[in-house]
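Trainee: Here's my sequence, what's the structure:
(one chain, ligands or ions: 2)
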Amino acid sequence: MELIVLGSGSNGNTAVILSDDTAILIDAGLSAKKTLQRLDTAGLDPATISAVLLTHEHGDHVRGLAVLLRTLRCPVYATRLTADEVRGQDERNAAAEWRLFTTGSTFRLNSFEITAFSVPHDASDPVGFTIRCNSVAIGVLTDLGHINHSVVHHVTGVDCLFIEANHDEQMLQADTKRPFSIKQRIMSPHGHLSNRAAADLAVRARTPALRHIILGHLSRDCNTVELAVNTVTAALNGCQFVQVCCAPPDGLLPAVRLAR
Ligand SMILES: [Zn+2]
Ligand SMILES: [Zn+2]
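Mentor: Ligands and ions are numbered 1, 2, ... in the order given. From the prediction side, this is the model:
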């Protein structure tokens, strides 16, 4: 199993999860052009993508979908509420082949077993995913305001955690570009995860299976790669078995390969 992050941050979120016989996109927030360029850079043929899975309807997660589907021609998986929102945003999305799942359910997509679970974020029905294949599992958690028992439960035992580390709390407080109302939204229980909260999640969800933590959705102004990685690494007590890295805010993170 492999995870390739094509882009992660407020400019657009799209990742690929691959097995020997299946490739799926998580979100389609990058422009279609950028997505296709980065798939090409990663050595992936767009014709091999079997599905797009959506976490929620915010623009940075779905902006490229309508144009991308002209090339991919694959089904889109989402909850009913998310699908309704995305169909309402652009009539071209209404023509897509939608496959609806319910929050809390587990479904199969070729060799993948996918569980979608609810996350606290200010969208209609936002979800995180646990994706399993051949006894390897990846947890995908982007855009959530805080961690709760359910979130920790769903990603405990995974081999790889791809999680949001949006901001450093002090940098966000000190930021002069954002009005107070925006800061409040980001810090709210339905906003975005801080480095400290991501670190807390990593500690709580960690088992001996955990080998990779990929941090994403970093704020350009209120975080740095160094701060995010150091905060999570320090919380893990420098455990050398877990590799912590950041998806670059505007670029490709090459394949992270997972096997047991
Ligand atoms: Zn969001
Ligand atoms: Zn987002």
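
Trainee: State the distance from the closest residue to ligand 1 within the stretch 151-260 of the chain to ligand 2.
Mentor: Ranked by CB to the ion, the top residue of the stretch 151-260 of the chain for proximity to ligand 1 is residue 192, at 7.7 Å. Backbone N, C-alpha and C define where each C-beta goes, glycine included. Counting by CB to the ion, to the nearest Å, the gap between residue 192 and ligand 2 amounts to 8 Å.

Trainee: likewise residue 150?
Mentor: Taking CB to the ion, one finds residue 150 at 20 Å from ligand 2.

Trainee: got it, and residue 149?
Mentor: In terms of CB to the ion, residue 149 sits 23 Å off from ligand 2.

Trainee: What of residue 260?
Mentor: 31 Å.

Trainee: In terms of pLDDT, where does that residue sit?
Mentor: At residue 260, the pLDDT value in this model is 71.

Trainee: interface residues of the protein facing ligand 2?
Mentor: 60, 143 (CB under 5 Å from the ion).

Trainee: Recalculate using a threshold of 6 Å.
Mentor: By the rule CB under 6 Å from the ion, the part of the chain lying against ligand 2 is 13, 58, 60, 61, 143, 217.

Trainee: coming back round to it: residue 143 is in contact with the residue of the stretch 151-260 of the chain closest to ligand 1, correct?
Mentor: Yes. If you go by CB atoms under 8 Å, residue 192 and residue 143 touch, sitting 6.5 Å apart.

Trainee: okay, and the common contacts of these two?
Mentor: 164, 217 (CB atoms under 8 Å, 6 or more residues apart in numbering).

Trainee: ok, residue 5 to residue 245 distance?
Mentor: 10 Å (CB to CB, to the nearest Å).
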